[in-house]
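Q: Can you look at this prediction? I've put the sequence above it.
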Amino acid sequence: MKQLFRHRLALSALISAAIITGACAPIAAIKSRISPAPAVSGDNPFFVESTLPYHAPRFDLIRNEHYQPALEEGMRQQLAEIDAIAKQMEAPTFDNTILPMEKSGALLTRTAKTFFGVIGANTNDTLQKVQEVEAPKLAAHNDAIYLNDQLYRRVKGVYDQRNASNLSDEQKALIERYNRDFVRAGAQLSEPDKIRMRSINQELSKLSTDFSNKLLAGTKVGALVVDNVSQLDGLGDDEIKTAAEAAKQRGLTGKWVLPLRNTTQQPAQAELKNRAVRQKLFEQSTLRTSRSDSNDTRSTIRRMTELRAEKAKLLGYPTWAAYVLANQGAKTPENAIKLLTDLVPPATARARVEAADMQKLIDAQGGGFKLQPWDWQYYSEQVRKAKYDLDESQIMPYFELNSVLQNGVFYAANKLYGLTFKERHDIPVYHPDVRTFEVFDADGSPLALFYFDYFKRDNKSGGAWMDQFVDQSRLTGWKPVVYNVANFTKPAPGQPALLTYDDVTTMFHEFGHGLHGMFSHVGYPTLSGTNVPRDFVEFPSQFNEHWALEPTVFANYAKHNQTGAPMPAALVDKIKQSRTFNQGFFMTEILEASLLDFAWHTLPAGAAPSDVDSFEAASLKRFNVAVPEVPPRYRSTYFSHIWDGGYSAGYYAYTWSEVLDDDAYAWFTEHGGLTRANGNRFRDMVLSRGGTVDAATLYRNFRGRDPNVDALLEERGLKGGDSSVK
């Protein structure tokens, strides 16, 4: 079973996104909005480069009060640097214009990357207030850089002469990226349109922060609180202890709490026998931010839709989706929507068959009711037991977190790439749950530092993601500092952390993003690591999921947490045989979410709907993807990927990238599978190249041809139909 919807880039990446899409205000005007220069005292660790290995953040010294002055001073310093670049009298060259831009903003970069990393994973009221104040200032700061007329003229001058200069291919790629980003930011707009663009960017930055904070609060408040343990009938003893511990952490003595994950469906629905409790948990999830209270996001997303459409129109695009996809692999919304809608018939047909199987089971048991969304997980689990004699409780004891990490994720990376890992207990972290490992290359040389933060907390954003505190770059000479964040259920004290198979593939997925960051071997930060098109960035992570079930890898980590015995061969066979089980459901829910994203972002300016809920329902029907028993993986009101996660008009990327990852894995199986030679080829031709080469060209060079969907359909058990990819 394969899931494709985990990764949400951490908010630090949105700083870069804001630079690309921002608009300009005069530098003097921006400076006036920044607080007076703080005293650069030795007690603020951001004002000097970290002395820790790999320049890792000084979490042993960083306090809440350090972020705001460092962000403000960082903006001030970078504006001075940009001002000096823009006002040069010499003719523009790569060395006097592009290179110093790449070097600018060192203080701001290290502060922002740390700040937004912590905001996503371990926020608090103080940091949220800092974010509310600084987000619009950061947007204005990026506007001041990317629509600075003097600066753009210099960038354009270098761009126009790029082929006549003695530049490397990577330097040309960097110049082309800068020129593209300036143009897409609106460098060629009239002054009145720039003024309007500044206003839009300011408001969007505030709305994105507003959405994030409302969703975090709504998800916490939406947790299901149970007064009587009998209502949790069906959950295992460890799960009940975990629910009691979650209640204890909230000060709810004598109660049990099931916190919400960020998805619509909740894991406990597969086990809860009480149908009314299942329904209540489902409703808590789907209504978490649409209860007409202070956490309601509907007005926020309506306004964001309006502003994005207006911004796209200013930039010469009919819709926000058209603007976003213009520099992606899909190129146009029509191409992406065609891929999705071509998959709708086989996916929904399979989902309806699955629903019919469950209805037969309900009827045979004398249930006397029609299958509803809150029943799906419970009865699909029963159907799986009946068809494959398999249930999650059988396999979870074999998926202990530390074993999956070290004997699975790390083991596969060693076999493919020769990597080794050493846990570091001397590197400070932002929360006690975080573990840190130093990563060594095949020749024993240090490669990267990697943080893992796996357990759910009420102050952590939902989902799972990868990002970096430090980017690889030959320009700086720095190696990457990478982190993975997830929201696995934290066990009660003294209990093992047991995972579902979905959790296992999440670990492999996010580590795949980490490999993309760690293996980066490029000259310039702007082109480093995962700075690639959104519909390519998920390719390495989804590709890495395949190794979770590779026989030698699986056998190395799937061992009973108490006895150490390997998972019995019969149970392994059941997992393999059930891989395509429930794929109609999984494919339908992701297609619904992806098409909802396009429904919102293909609206022209002035067409935002007045009723969010009605628009959502009508959109699913319009795309023929509405299956009543299968709700979207994310409803619009808590779809953080597209409102505050950088995936607006981009959620299709998971499916688009799945075409690539399944096709690439087919190449591996054709060439011997899990071998160092194959891994090194993939590393050299894809993972190490960052954004230095066009993504389609990278893939074509690796695969020897363009991708097709045959492997995807085979993997999903949906074989058939047109296999061409446009």
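A: Good, I have the coordinates. Residues are numbered from 1 along each chain as shown.
Q: ok now stretch 136-153, how far from the chain's centre?
A: How far stretch 136-153 lies from its chain's middle: 26 Å, per CA atoms, centre = their mean, to the nearest Å.
Q: list the buried ones in that stretch?
A: Using 16 or more other CB atoms under 10 Å as the test for burial, stretch 136-153 gives 136-148, 151-152. No exception for glycine: its C-beta is placed from N, CA and C like everyone else's.
Q: Same check on stretch 232-239?
A: Here stretch 232-239 shows 232, 234-235, 238-239 as buried, counting by 16+ other CB under 10 Å.
Q: cool, stretch 316-336 as well?
A: 317, 319-326, 328-330, 333, 335-336.
Q: try stretch 195-215
A: 196-198, 200-215.
Q: related to what we said a few turns ago, among the buried residues of stretch 136-153, pick out the one closest to Asp467, please.
A: Checking the buried residues of stretch 136-153 against Asp467 with CB to CB, the nearest one is Leu138 at 16.4 Å.
Q: didn't Thr305 look like it was pressed against Ala605?
A: No. Applying CB atoms under 8 Å as the test, Thr305 and Ala605 come out as separate, 10.0 Å apart.
Q: about what we covered before: go through the buried residues of stretch 195-215 and flag which are in helices.
A: Among the buried residues of stretch 195-215, DSSP state H puts 196-198, 200-215 in helices.
Q: residues touching Gly650, list them.
A: By CB atoms under 8 Å, 6 or more residues apart in numbering, the contact set of Gly650 is 324, 328, 534-535, 597, 641-642.
Q: Likewise for Arg298?
A: 289-290, 612-613, 637.
Q: go on, Ala412?
A: Ala412 makes contact with 508, 544, 547, 550, 553, 674, according to CB under 8 Å, 6+ apart.
Q: Apply 6 Å and report the result again.
A: By CB atoms under 6 Å, 6 or more residues apart in numbering, the contact set of Ala412 is 547, 553.
Q: Over to Ser285?
A: So, once contact is read as CB under 6 Å, 6+ apart, Ser285 ends up touching 260, 264, 266.
Q: Tell me the spacing between it and Arg633.
A: The gap separating Ser285 from Arg633 is 11 Å, by CB to CB, to the nearest Å.
Q: Now the common contact residues for the two.
A: Thr264.
Q: circling back to that earlier point, just the closest of the buried residues of stretch 316-336 to Leu687, please.
A: Nearest to Leu687 among those, with distances taken as CB to CB, is Gly329, at 17.1 Å.
Q: got the contact list for the closest one?
A: 533, 535-536, 695-696.
Q: Which members of the residues you listed are classed as buried?
A: 533, 535-536, 695.
Q: May I ask which two of these are separated the most?
A: Asp535 and Ala695 (8.0 Å).
Q: Phi first, then psi, for Thr126.
A: phi -60, psi -50 (degrees, to the nearest 10).
Q: tally of neighbours for it?
A: Number of residues near Thr126 (other CB atoms under 10 Å) recorded here: 13.
Q: ok, now the one 5 residues further on?
A: Residues near Gln131, counting by other CB under 10 Å, number 23.
Q: what's the helix or strand for it?
A: helix 125-146 (DSSP states H and E).
Q: what does the helix or strand just after that helix rub up against?
A: With elements assigned by DSSP H and E, the helix or strand that comes after helix 125-146 is helix 149-160. If you take CB under 6 Å, 6+ apart as the criterion, helix 149-160 is touched by 86, 92, 94, 97-98, 175, 178-179, 182, 187.
Q: same thing but at 7 Å, please
A: Counting contacts by CB atoms under 7 Å, 6 or more residues apart in numbering, the residues outside helix 149-160 that touch it are 82, 85-87, 92-94, 97-98, 175-176, 178-179, 182, 187.
Q: Can you select the buried ones among these for me in PyMOL?
A: Filtering these down to the buried ones (16+ other CB under 10 Å) takes a single PyMOL command:
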select buried, resi 82+85+86+92+93+94+97+98+175+178+179+182+187
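Q: nearest to Ala386, of the contacts of helix 149-160?
A: Glu176 (56.8 Å).
Q: how far out from the middle of the chain is the longest strand along the chain?
A: Using DSSP state E to define each element, the chain has its longest strand at strand 446-455. Relative to the mean C-alpha coordinate of its chain, strand 446-455 is positioned 16 Å out (CA atoms, centre = their mean).
Q: Can you tell me which helices and strands it packs against?
A: Using 3 or more CB pairs under 7 Å, 6 or more residues apart in numbering; DSSP states H and E, the elements in contact with strand 446-455 are strand 435-440, strand 481-488, helix 501-518.
Q: Out of the contacts of helix 149-160, flag the one nearest to Val130.
A: In terms of CB to CB, no member of the contacts of helix 149-160 lies closer to Val130 than Ile82, at 23.6 Å.
Q: Could you check how far the closest residue to the closest one other than its chain neighbours is from Leu138?
A: Leaving out its chain neighbours, the residue that sits closest to Ile82 by CB to CB, 6 or more residues apart in numbering is Ile145, at 5.4 Å. Going from Ile145 to Leu138 by CB to CB gives 11 Å.
Q: Also Thr552?
A: Thr552 is 47 Å from Leu138, by CB to CB.
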